[in-house]
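Enquirer: kindly generate the corresponding structure for this input.
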Amino acid sequence: MKKFVQLFLLSCISVVFTFAQSTSFQKVNSNSYPSFNEIRFVNETTGWVVGLAGSIYKSIDAGQTWHEQRSNTTNDLNAICFLTDQIGFVSGENSTLLSTTNGGTSWKADSISAIPTVPATIYSIYFSDNLKGWMLASSASVGWILSTTDGGETWNINLTTTKPMNKMSFFSPNKGMACGKDAATIYYTSDGTTWTQAPTPALGGFTYTRSDLRNIFMVSATEAYIVGWGSTVGAQPSIHLKTTNAGVSWTYLTQLQANRTYDNLWNVSFKDANNGIAIGGASRGSVVVRTTDAGQNWIPIAAPFGPTLYGISSIGNKVWLSGSSGLLAYSSDYGDTWQLLTPIPSGTIYSLNFPTSKIGYAAGFDGVLHKTTDGGETWKGGFLTIGFSTLNIQAIQFLDENLGFAACSFQMVAKTTDGGKSWVKIINDTTTATATSYGVHFVNQNLGFVVGKIAANTDIIYKTTDGGASWSNQQNLTSKDWRAVDFADENHGIVVGLSLKVRYTNDGGSTWLTPIINNVSGTPNIYSVKFINDSEAVAVGVNFIMKSNDAGATWNNIQTASANQLNSVAFKDQSLGYAVGAKEAWQTTDAGNSWTDIYTANANVFEGTLYSAVVDPDGNAWFGGANSGIFTNRIWSDIKSENNSLVDGFSLEQNYPNPFNPTTVIQYKLEKDAAVSLDVYDVLGKNVAKLINAHRPAGDYSQTFEAGRLSGGVYFYTLKVDGSIRSKKMIFIK
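Expert: Okay, the predicted model is just below:
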């Protein structure tokens, strides 16, 4: 009888579970790390990186893996100084200074009361020994340099400036330099106490709207370099300055036009008198420039990343980089080649696409391009980089596992024929920041359309009939940005954009016609459109969903409770569809005629705004959010053969027993040391148990889970290892 009851319960659970596929979601991907500022290696294996919200991470294997250290602060951290691999200091906002004597196992936190203005941030910290040290701090309008002779117990102000200060560098205890708000904010010291302001250097005859000096590096007691401001607006080259007389005077290093960058450079480092690297970035991707002739020529080198770079540390030819979006990168050959160390870089996911049941892509801000080859159970992070450009990806589309297209900022459109391993430009990027390709749709490998803008309020529709080798275009049909395009077949297509702009075509884009739109108040922006079949289509935007039953010729507003901006719409078949946006997610089961809220039940899973939606070939829904968040209602089978191998360096086994009451064992294996979390979720995505959140060495592990306090039903256990995630289903019979 007991066995019969169990089988009956399993049958009921199976029914509930099938229903949960369409309404309950889980998070299967997220960023590995917070944004980082400075990075520092004390030797070829041991280093630290610091960043937002008190984050401190340490590596003992040359940056291949990182584990978080408890900082006991939520203040952003900006600077690192280590005397040995045990004794170190970290500083940051709100006058925070942290110190450790055990390699960061524990940190002591102090707030420096000697800094007279609150709030202030300590942007640089330098200790020459256990007792003698300096710090550079700044508020919004004032800067200070302070020193200590008692290991930081007391601090004395040596310099107060009337402008903010940014960074300082020391070559020896008494030889230091500092830079700040503009080209007039440069100081130097020859005794470690008295600071002298340098004359303002001329800036190469260029017209600068700003001249922020971001960072400084002393190569010797007399030679140093400063890097700083750059902007594509007005063609303002990145600033390079050099001194050869201990900071008394500075020279602007004019670069050949072919080598000029126009981005903020945030840091600079030299390995010897001749060889140095400067880093930075902006909206066009990461920027790395290198000199081999003592700064006379700074040559851009390829950096296949999108985030802005803030930190650099080098030992000989080994270079480590850190930046926004949790970026960590490494070069063993002084920048000739780079290795991405971050498993999943952070980026808002603007577009999702599954060309097959197994292969999927998630793309978005800073050019992030994450890929799955196991149906979304695990993801590998990366970027779409072509030459020196890593641009925001607005939309992607793959026709099969190899052939894909991406629409990007600065008008660029890219094509891959090898599943995203390499890309080529089929529409070139420009230097015009207002030019953006927002939508892409290829009907087949030859016929394709791209929509966007080429300037403010100058819309454009591109068409190709040869796979992107050549393009025709139609400009300024509405003087508003086009944001999305979709085609039902070679002839019938729809484009949508800002201010309720819609056009449809019946002749493959030769002509674009103005539709009739009923019952939509005002002129709200439209961000997404999708054909359901040859005649029905749905478009979504700000506070509304509208539907066409005649291939875009006529539209009617569908009354929903939508109160915010909807960013994306997707359909599984001719009935089931999804629309997502600013803290909203809606589901339809009747081809868009009515919609049901599914965000509320999954609010603790979705974590804010959803930017993209897609349905894979198996009918599973996928949503993209901020911080590389990917959410799905897909449910994986209990036993997957690939989980027995060490994919991404770890494996997760099926719990045993399963079903269970009330105790079960979860086993997993780590190939290398890693940051590990193991959590249990219910079918609504609520975290019901946090079993592990710690750093673990390589090895085999067993974790017991006791569910006596929970209700019987279906649960998921999720193992996250250095940013990669794997989940399995288990059933608790109570």
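Enquirer: mind checking the SS state of N43?
Expert: When the structure is reduced to helix, strand and coil (DSSP: H, G, I helix; E, B strand; the rest coil), N43 reads as coil.
Enquirer: burial measure for it, as a count.
Expert: N43 sits with 12 neighbouring residues when counted by other CB atoms under 10 Å. Every C-beta, even on glycine, is put in place using the N, C-alpha and C of the backbone.
Enquirer: residue contacts, it?
Expert: Applying CB atoms under 8 Å, 6 or more residues apart in numbering, we find N43 in contact with 85, 315.
Enquirer: got it, and V496?
Expert: Under the criterion of CB under 8 Å, 6+ apart, the contact list for V496 reads 482-485, 502, 526-529, 539, 541.
Enquirer: redo that, cut-off 7 Å
Expert: Under the criterion of CB atoms under 7 Å, 6 or more residues apart in numbering, the contact list for V496 reads 483-484, 502, 526, 529, 539.
Enquirer: try Y701
Expert: Contacts for Y701 (CB under 7 Å, 6+ apart) come out as 667-668.
Enquirer: so what's it bridging to?
Expert: With DSSP bridges applied, Y701 shows beta-bridge pairing to Y668.
Enquirer: got a list of contacts for stretch 229-238?
Expert: Counting by CB under 7 Å, 6+ apart, the neighbours of stretch 229-238 from elsewhere in the structure are 206-212, 227, 239, 255, 260-265, 280, 431, 433.
Enquirer: now do the buried residues in that stretch.
Expert: Applying a neighbour-count criterion of 16 or more other CB atoms under 10 Å, one finds 229-232, 236-238 buried in stretch 229-238.
Enquirer: and for stretch 599-610?
Expert: 599, 601-602, 605-607, 609-610.
Enquirer: likewise for stretch 29-45?
Expert: Buried residues in stretch 29-45, counting neighbours by 16+ other CB under 10 Å, are found at 29-42.
Enquirer: repeat that for stretch 90-104.
Expert: Of the residues in stretch 90-104, those scored as buried under the neighbour-count criterion (16+ other CB under 10 Å) are 90-100, 103-104.
Enquirer: likewise stretch 113-122?
Expert: Going through stretch 113-122 with 16+ other CB under 10 Å, the ones that come out buried are 115, 120-122.
Enquirer: again with stretch 705-725
Expert: Of the residues in stretch 705-725, those scored as buried under the neighbour-count criterion (16+ other CB under 10 Å) are 705, 707, 710, 713-725.
Enquirer: one more: stretch 166-181?
Expert: With burial defined by 16+ other CB under 10 Å, the residues of stretch 166-181 counted as buried are 166-171, 173, 175-181.
Enquirer: now, the contacts of stretch 229-238 that are in strands?
Expert: The members of the contacts of stretch 229-238 that map onto strands under DSSP state E are 227, 265, 280.
Enquirer: which of these tops the neighbour count?
Expert: For the ones in strands among the contacts of stretch 229-238, counting by other CB under 10 Å, the largest number of neighbours falls to V227: 29 neighbours.
Enquirer: residues contacting that residue?
Expert: Here V227 is in contact with 214-215, 238-240, 265, 268, 278 (criterion: CB under 7 Å, 6+ apart).
Enquirer: tabulate the residues you listed (CSV), appending distance to T511 and pLDDT.
Expert: As requested, the contacts of V227 are arranged in CSV below (distance: CB to CB, whole Å; pLDDT from 0 to 100):
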residue, distance to T511, pLDDT
R214, 52, 98
N215, 55, 98
S238, 46, 98
I239, 51, 98
H240, 53, 98
L265, 49, 98
V268, 55, 98
A278, 51, 98
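Enquirer: out of those, who's nearest W555?
Expert: When those are compared for distance to W555 (CB to CB), S238 comes out closest, at 48.2 Å.
Enquirer: state the pLDDT value of the closest residue to that closest one other than its chain neighbours.
Expert: Of all residues beyond its chain neighbours, the one nearest S238 is G230 (3.4 Å), with distances taken as CB to CB, 6 or more residues apart in numbering. On pLDDT, G230 comes in at 96.
Enquirer: now G230: how far from T308?
Expert: Counting by CB to CB, to the nearest Å, the gap from G230 to T308 is 12 Å.
Enquirer: what is the neighbour count of I60?
Expert: Using other CB under 10 Å as the criterion, the residues surrounding I60 number 16.
Enquirer: also the one 3 residues further on?
Expert: The burial count assigned to G63 is 25, neighbours taken as other CB under 10 Å.
Enquirer: was I right to think it contacts G47?
Expert: Yes - with contacts counted by CB atoms under 7 Å, G63 reaches G47, the gap being 6.4 Å.
Enquirer: mutual contacts of the two, please.
Expert: When contacts are counted by CB under 7 Å, 6+ apart, G63 and G47 are jointly contacted by W320.
Enquirer: which of the contacts of V227 are buried? Put it as a PyMOL command.
Expert: The PyMOL selection below is limited to those of those classed as buried (16+ other CB under 10 Å):
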select buried, resi 214+215+238+239+240+265+268+278
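Enquirer: read off the pLDDT value for T117.
Expert: pLDDT for T117: 84.
Enquirer: what helix or strand is it on?
Expert: Assessed by DSSP states H and E, T117 sits outside every helix and strand.
Enquirer: OK, contacts around it?
Expert: Residues in contact with T117 (CB under 7 Å, 6+ apart) are 139, 142.
Enquirer: got it, and L652?
Expert: By CB under 7 Å, 6+ apart, the contact list for L652 reads 643, 668, 719, 726, 728.
Enquirer: over to T291?
Expert: For T291, the contact set (CB under 7 Å, 6+ apart) comprises 275-276, 297-298.
Enquirer: any idea which of those has the most stuff around it?
Expert: The most crowded member of those is W298, carrying 28 neighbours; neighbours defined as other CB under 10 Å.
Enquirer: my read is that that residue contacts N259, right?
Expert: Yes - between W298 and N259 there is a contact at 6.2 Å, judged by CB under 7 Å.
Enquirer: just to revisit the earlier point, now, which of the buried residues of stretch 599-610 sits nearest L136?
Expert: Distances from L136 to these, taken as CB to CB, are shortest for E607 (36.4 Å).
Enquirer: any chance of the buried residues of stretch 29-45 in CSV, plus distance to W423?
Expert: Supplementary listing: these in CSV, determined by distance: CB to CB, whole Å:
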residue, distance to W423
N29, 22
S30, 25
N31, 23
S32, 23
Y33, 25
P34, 28
S35, 26
F36, 26
N37, 30
E38, 32
I39, 28
R40, 34
F41, 32
V42, 38
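Enquirer: now for the residues you listed, which pair is the farthest apart?
Expert: Checking those against each other with CB to CB, the farthest-apart pair comes out as N29 and V42, at 33.1 Å.
Enquirer: which residues are in contact with D550?
Expert: With contacts defined as CB under 7 Å, 6+ apart, the neighbours of D550 are S535.
Enquirer: pretty sure it belongs to a helix, no?
Expert: No - D550 is assigned coil when assessed by three-state DSSP, not a helix.
Enquirer: show the end-to-end separation of stretch 522-538, please.
Expert: From the first residue to the last, stretch 522-538 extends over 19 Å; the measure is CA to CA, to the nearest Å.
Enquirer: so how far is it from its chain's centroid?
Expert: For stretch 522-538, the gap between its own C-alpha mean and the chain's C-alpha mean amounts to 29 Å (CA atoms, centre = their mean, to the nearest Å).
Enquirer: ok, now stretch 221-235?
Expert: The gap between where stretch 221-235 is centred and where its chain is centred comes out at 26 Å by CA atoms, centre = their mean.
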